[in-house]
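In: Have a look; sequence and predicted model below, questions after that.
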Amino acid sequence: MKVIKFAMVTFLFACLVSHVSRAGDFDGSKPLLFSVKTVLECAPNGQSNIVTAEEMEMPQFLIIDCKKMTISPFPPIPGRRDGVIKRLEHIDGKLILQGADDGIEHVRDGVGWTAAISEETGRAVVTASGDDVGFVIFGACLPR
């Protein structure tokens, strides 16, 4: 019964998104609400683990604002800095964003990252790498 309810909610959400979202909604011309779905953590020995956003101390939702070139937690977290988008490109129907984040001050946890967002569907894949670790984050965006 839970599976049927989940399927119905997912179907209704997909229908709503398809009617609300139009071409251009995911091209960076308006802010996007990014939702983290799955996070894969990869180690140099080839071992990979699925981890939650909470385990990574990452917000479940982010606001991507290409006009301001920022990525912010949603809802805002007092004292948390916005991420900075250093590069933005449109390639093969994807909005490509790149940047680097120093993480927590005085902790060696900085990463470089790249995000690829489908300009047609809003589906997104983010890759990030740091010292001896890599992450692949799957998610989806909605126009804000």
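Out: Noted; the coordinates are in hand.
In: what number of residues lie near Pro78?
Out: By other CB atoms under 10 Å, 4 other residues sit near Pro78. Yep, even glycine has a C-beta here, placed from its N, CA and C like the rest.
In: So it lies in a helix, does it not?
Out: No: applying DSSP: H, G, I helix; E, B strand; the rest coil, one finds Pro78 to be coil, outside a helix.
In: For it, what are phi and psi?
Out: Pro78 adopts backbone torsions of phi -50, psi 130, taken as degrees, to the nearest 10.
In: For Asp101, see how far away it is.
Out: Distance of Pro78 to Asp101, given as CB to CB, to the nearest Å: 18 Å.
In: One more: Lys86?
Out: Distance from Lys86 to Asp101, by CB to CB: 10 Å.
In: Mind jotting down where the helices sit in this structure?
Out: For the chain, the helices defined by DSSP state H cover 2-20.
In: quick one: low-confidence parts of it?
Out: Counting by pLDDT under 70, the ranges of the chain that qualify are 1-24.
In: The same query, at a cut-off of 90, please.
Out: 1-25, 54-58, 76-82, 101-110, 144 (pLDDT under 90).
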